[in-house]
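J.: What follows is a predicted protein model with its sequence.
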Amino acid sequence: MSGEVPDLASAVTEAINPRTRDIDTRSAEEIVELILSEDARVVPAVMAERDAIARLAEVVAERLRRGGRLIYAGAGTSGRLGMLDALELPPTFGIEPGRVVALVAGGPAALTGAVEEAEDDAAAGAADVAAIDVGPADVVLGITASGRTPYVLGAVSEARARGAYVAGLACNRPSPLEELVDLMIAPVVGPEVIAGSTRMKAGTAQKLVLNALSTTVMIRLGKTFGNLMVDVRPSNRKLWQRAIRIVTLATGLDATEAQRLLEAAAGEPKTAIVMALAGVDAEEARRRLAASEGRVRDAIGGGRDGQATAGR
């Protein structure tokens, strides 16, 4: 094990919550009410960081347009949340695998079981960043509830040395992580219901931030048309039905015609929508989408009256 073990004494995420000191004496109904009342504090804390989240989203979108990557680095719950976000983006938004990457302390074994000692290894964080050849085109987001996890600090330090844009996500401020990054997102959610159990409020806050960040990035990259996820990959029956519904909602066509167009577009909802709204074939639809960097509105020449839902 390498790297200094972090001093958590000053971390608010490790503090004793005065509102739940006697939680073990409460009924099940009272315990649930206490937990949920504490969770209600999370959204305002994340909202307070909305400007920082938006700034990071613009940076990430710009780097991805240039061929760079978004790389999450975390340990324990924080690392698993990063991995979850990275895994869900390709099927949801059609982004190529490998463009959003997650590094987790302890590697794949840490996704299905606890590898607690791995988070104390700063050298491993640096090595994992080096192993995927992080460079100036990339953005690395270090995720740690305490802002002190050695693995994450090692990863962020190595990424910065390699010229990447580095950002931090923690639920404490100030923190050692904040001193290492170009931009800090710090929703301070206060002490946990169970002292130090950062899978709870801190984990919820991190999930909210990652949802807002990655979804904003995908929207800025043209992965939606209105609020429809038009780059979804219909890789199974459920997703094929969803793709048909997306085409019907975007174009006003019935399901039969939408399916016909989707089949002609090789299962690409975005292509099928441009075909319908611009009155072109699949080849021309793809050419227009390529010229407009994947933005449906630009490919069809702006909003159209025939659009049923997405543009209203």
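T.: Perfect, I can see it now.
J.: Strands of this structure, start to end?
T.: Applying DSSP state E to the chain gives strands spanning 70-74, 100-104, 139-143, 165-169, 183-185.
J.: Adding mean neighbour count, write these out as TSV.
T.: Just so you know, the C-beta spots here come from the backbone N, C-alpha and C atoms, and that holds for glycine as well. What follows is the strands of the chain, written out as TSV (neighbours: other C-beta atoms under 10 Å):
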stretch	mean neighbour count
strand 70-74	29
strand 100-104	24
strand 139-143	29
strand 165-169	27
strand 183-185	22
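J.: mind putting those in TSV, distance to residue 123 included?
T.: As requested, the strands of the chain are exported to TSV (distance: least, C-beta to C-beta, whole Å):
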stretch	distance to residue 123
strand 70-74	13
strand 100-104	13
strand 139-143	15
strand 165-169	18
strand 183-185	24
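J.: Quick one: closest of these to residue 254.
T.: strand 100-104 (35.5 Å; C-beta to C-beta).
J.: Counting by contacts, list what that closest one packs against.
T.: Helices and strands touching strand 100-104, by 3 or more C-beta pairs under 8 Å, 6 or more residues apart in numbering; DSSP states H and E, are strand 70-74, helix 76-93, helix 122-131.
J.: Which stretch among these is buried most, on average?
T.: strand 70-74 (a mean of 29; mean count of other C-beta atoms under 10 Å).
J.: Partner strands of that one, with direction?
T.: Partners of strand 70-74 in the sheet, by DSSP bridges, are strand 100-104 (parallel), strand 139-143 (parallel).
J.: and of those, who's closest to residue 13?
T.: strand 139-143 (13.1 Å).
J.: so that closest one versus helix 76-93, what angle?
T.: If you take axes from the mean of the first three to the mean of the last three C-alpha atoms, to 10 degrees, strand 139-143 sits at 140 degrees to helix 76-93.
J.: got any ranges where the stretch 1-150 of the chain has weak pLDDT?
T.: Residues of the stretch 1-150 of the chain meeting the criterion pLDDT under 70: 1-10.
J.: rerun that using 80 as the cut-off
T.: Regions of the stretch 1-150 of the chain meeting the criterion pLDDT under 80 cover residues 1-10, 112-117.
J.: coming back round to it: and the helices and strands packed on strand 100-104: which comes nearest residue 137?
T.: Distance to residue 137, taken as C-beta to C-beta, is lowest for strand 70-74 among those, at 10.8 Å.
J.: quick one on the thing from earlier: dump the helices and strands packed on strand 100-104 into CSV; add distance to residue 211 as well.
T.: As requested, the helices and strands packed on strand 100-104 are exported to CSV (distance: least, C-beta to C-beta, whole Å):
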stretch, distance to residue 211
strand 70-74, 13
helix 76-93, 8
helix 122-131, 24
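J.: Nearest approach to residue 113 belongs to which of the ones you listed?
T.: Nearest to residue 113, of all the helices and strands packed on strand 100-104, is helix 76-93, at 10.9 Å by C-beta to C-beta.
J.: Neighbours of residue 51, how many?
T.: For residue 51, the neighbour count with other C-beta atoms under 10 Å is 9.
J.: Tell me who's in contact with it.
T.: Listed by C-beta atoms under 8 Å, 6 or more residues apart in numbering, residue 51 has no contact partners.
J.: close enough to count as contact, residue 23 and residue 32?
T.: No - judged on C-beta atoms under 8 Å, residue 23 makes no contact with residue 32 at a distance of 10.7 Å.
J.: Neighbour count: those two, which is higher?
T.: Legend: neighbour count by other C-beta under 10 Å for residue 23 and residue 32, higher for residue 23 (14 against 11).
J.: how close does that one get to residue 37?
T.: To residue 37, residue 23 is 12 Å away according to C-beta to C-beta, to the nearest Å.
J.: ditto for residue 185
T.: In terms of C-beta to C-beta, residue 185 sits 24 Å off from residue 37.
J.: Grab the nearest non-local neighbour of residue 35.
T.: residue 193 (5.3 Å; C-beta to C-beta, 6 or more residues apart in numbering).
J.: how many neighbours does the one you found have?
T.: The number of residues packed near residue 193 is 18, by other C-beta under 10 Å.
J.: With residue 278 instead?
T.: Applying other C-beta under 10 Å, I find that residue 278 has 17 neighbouring residues.
J.: if we can go back for a sec, hmm, residue 203 and the residue nearest to residue 35 touching each other?
T.: No - Residue 193 is beyond contact range of residue 203, at 11.9 Å (criterion: C-beta under 8 Å).
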